[in-house]
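>>> model the structure of this input:
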Amino acid sequence: SLKLAVGARWTKDDKDWCATSVGFTFNDTAGQEICGSDSWNDFSPRFAADWRLADDILLYLSVSRGYKAGGASATPENTSGAINPINFAPLGEVINFVDPEEVQAYEVGVKSTLFSDSLRLNVAVYHNEIDNLQILDVVNLVSVLRNANEAEINGIELDLTYSPSLEGLKLHANFALMDSEFKDALVNGVSLSGNALKLAPEKTAAVSLAYDVVLNTGTLTFFGAYNWQDEQFWDIQNTVIQGSYGLWSGQIRYKDRSEKWQIALTAKNLSDREYSNAIINYGTGLGDEFVKGLPRMVNLEFRYAFN
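Model prediction:
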């Protein structure tokens, strides 16, 4: 059977933004509250089609348009470039708004349940065309919001859940390939065309295994997982790189049959892998700032429902 769906959304955004200048103490607007406002509207249609090839196999297609309202940097900006000739301080800082971000998204995929419902396999392929991509860049030690014109993202995702004949055992796996690229992007006079988007690893994978043991008094669950991601860039210039890494985690949980209380022993980053939650280049030539990810952590948790 074939099912079609058509929808649309109309959006209007009005934004007022005030911020305090944090420029040089001799800046003509230093310490002052500077305000600005802007407004946008958008019409975003969506089309979707589902075709049930069999009782346990569904094919789907979707074409949609997405919208993200314009915004402003957290601090005022000197967009004119005017300089005080006496002390060389920036003049006339203002709230600088960026244009809305728009994406044209295409996706096709299949959702299936096979082998007497023991295997669930989903596959999705997508292509996104982005106009006026909103990005954060660092200028003079300050994060500013910019538009990067055009970008494209292509990818495929596979998601698998397997429940074998052994009761209580469940395996879940996920794998994704993604290719992201700035197409026609010029930010602060620098071309980003051909660069990958920040925080967009080409490959990611995850696998987990859970086993429930049903006892007379409750359920004992053993859970283990491994999450891996390929290297990624932390900046739009593709100069700050986080190498690939994987994290192990596990849990042993007991839930009382009445489900009123449970106790769990959880461990994260079992191998104590070093990685970064953020790497920031302020453009000073003095190196990067690293925000370390959490080390190995083990916690014991007890929950009780009073209802």
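>>> flag every buried residue along stretch 229-248.
229-230, 232-238, 240, 242, 245, 247-248 (16 or more other Cβ atoms under 10 Å). Bear in mind the C-beta positions are built from the backbone N, C-alpha and C, glycine included.
>>> no wait, stretch 253-272
253-255, 262, 264, 268-270.
>>> now the element after the strand or helix carrying N227, going C-ward?
Here N227, judged by DSSP states H and E, is contained in strand 218-229. Scanning forward in sequence from strand 218-229 by DSSP H and E, the next helix or strand is strand 232-233.
>>> I would like the residues contacting that next one, please.
195-201, 239-242 (Cβ atoms under 8 Å, 6 or more residues apart in numbering).
>>> ok, back up a step: kindly reformat the buried residues of stretch 229-248 as JSON lines containing distance to V291 and pLDDT.
Below are these laid out as JSON lines (distance: Cβ to Cβ, whole Å; pLDDT from 0 to 100):
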{"residue": "Q229", "distance to V291": "16", "pLDDT": "97"}
{"residue": "D230", "distance to V291": "20", "pLDDT": "96"}
{"residue": "Q232", "distance to V291": "14", "pLDDT": "94"}
{"residue": "F233", "distance to V291": "15", "pLDDT": "92"}
{"residue": "W234", "distance to V291": "10", "pLDDT": "87"}
{"residue": "D235", "distance to V291": "14", "pLDDT": "86"}
{"residue": "I236", "distance to V291": "18", "pLDDT": "86"}
{"residue": "Q237", "distance to V291": "19", "pLDDT": "86"}
{"residue": "N238", "distance to V291": "19", "pLDDT": "89"}
{"residue": "V240", "distance to V291": "12", "pLDDT": "86"}
{"residue": "Q242", "distance to V291": "11", "pLDDT": "90"}
{"residue": "Y245", "distance to V291": "15", "pLDDT": "96"}
{"residue": "L247", "distance to V291": "16", "pLDDT": "97"}
{"residue": "W248", "distance to V291": "21", "pLDDT": "97"}
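>>> picking that back up, next, format the contacts of strand 232-233 as CSV and append distance to V103 and secondary structure.
Output for those, formatted as CSV (distance: Cβ to Cβ, whole Å; DSSP: H, G, I helix; E, B strand; the rest coil):
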residue, distance to V103, secondary structure
N195, 18, coil
A196, 17, coil
L197, 12, coil
K198, 16, coil
L199, 16, coil
A200, 14, coil
P201, 20, coil
T239, 26, coil
V240, 25, coil
I241, 26, strand
Q242, 25, strand
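>>> in its sheet, what does the strand holding N227 sit against?
Taking DSSP bridges as the criterion, strand 218-229 forms sheet pairs with strand 203-214 (antiparallel), strand 245-256 (antiparallel).
>>> how about CSV for these, with distance to N96 added?
Formatted as CSV, those follow (distance: least, Cβ to Cβ, whole Å):
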stretch, distance to N96
strand 203-214, 34
strand 245-256, 36
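>>> residue contacts, the residue most central in space within the chain?
Note on the chain: the residue nearest the mean C-alpha position is L199, at 7.7 Å, using Cα atoms, centre = their mean. By Cβ under 8 Å, 6+ apart, L199 lies in contact with 232-234.
>>> A124 now?
A124 touches 107-109, 156-157, counting by Cβ under 8 Å, 6+ apart.
>>> whichever of the residues you listed end up buried, select them in ChimeraX.
Of the contacts of A124, the buried ones can be selected in ChimeraX as follows, counting by 16+ other Cβ under 10 Å:
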select :107,109,157
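>>> adding distance to S44, secondary structure and pLDDT, write the contacts of A124 out as a markdown table.
Output for the contacts of A124, formatted as a markdown table (distance: Cβ to Cβ, whole Å; DSSP: H, G, I helix; E, B strand; the rest coil; pLDDT from 0 to 100):
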| residue | distance to S44 | secondary structure | pLDDT |
| --- | --- | --- | --- |
| E107 | 15 | strand | 98 |
| V108 | 20 | strand | 98 |
| G109 | 21 | strand | 97 |
| I156 | 25 | strand | 98 |
| E157 | 23 | strand | 98 |
